[in-house]
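**Q** I'll drop the sequence and a predicted model, then ask my questions.
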Amino acid sequence: MGRRAIRIVLCGAWLLGLIAPIARPAPVHAQAGGDIAVVVHPDVAVDNLTTSELRRIVLGDREFWPASVRITLLLRAPVAHERDVILKNVCQMTEAQFRQHWIGKVFRADTALAPKIAYSNEMAIDLVSRVPGAIAFVPASQVSKGLKVVKIDGRLPGDKDYLLR
């Protein structure tokens with residue numbers, strides 16, 4: 001196989017790598033309903049957030065926890081159920097609107113850090129446990145020991161009228 005043919009194959013594989021995650025449907029377990037827990041690093045000095053405070057965090061309008069600890073926002077990749085729930089119920093935005101919001105925010109230099117992408121719930125859980133100031137959104141059924149679950153408007157996953165379903 002010549003160099004040109006190798007380049008074409010590699011280019012095709014690279015392009016397929018970009019398109020495949022978008023084109024294929026999410027796994028059944030990711031589409032299933034259930035409460036989404038807001039988890040933070042265990043050292044974050046917050047036990048409860050209002051919907052408005054959570055929205056400000058997700059939209060990058062609040063960048064620090066108490067004691068000046070920088071917030072590291074971890075979001076699942078687009079098409080993940082957890083991300084859809086946050087965008088719909090907290091931000092009242094579509095994926096396109098959210099993306100435009102963050103592009104504008106970064107372009108205007110309104111923020112020091114854009115959200116970090118977690119490609120799986122396991123990755124989000126691992127990063128929250130290791131990164132001071134981290135916050136993520138994971139299925140309540142997958143919350144492990146050592147993670148701090150934050151109440152939203154005084155409610156935990158499983159409570160009546162919990163926002164993140």
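**A** Good, I have the coordinates.
**Q** so Phe137 sits against Leu75, correct?
**A** Yes - using C-beta atoms under 8 Å, Phe137 is in contact with Leu75, at 7.2 Å. Just so you know, the C-beta spots here come from the backbone N, C-alpha and C atoms, and that holds for glycine as well.
**Q** so between these two, which is more surrounded?
**A** Neighbours per residue (other C-beta atoms under 10 Å) separate Phe137 from Leu75, with Phe137 holding more: 26 against 22.
**Q** name the SS class of the more buried one, please.
**A** Assigned with DSSP: H, G, I helix; E, B strand; the rest coil, Phe137 falls in the strand class.
**Q** please, where are all the helices along the protein?
**A** Ranges of helices in the chain, per DSSP state H, are 3-23, 28-31, 51-58, 81-86, 95-107, 121-130.
**Q** lowest-confidence stretch among those?
**A** Among the helices of the chain, helix 28-31 carries the lowest mean pLDDT, at a mean of 35.
**Q** number of nearby residues for Val131?
**A** By other C-beta under 10 Å, the residues close to Val131 number 15.
**Q** what values do phi and psi take at it?
**A** When read as degrees, to the nearest 10, the backbone of Val131 gives phi -100, psi 110.
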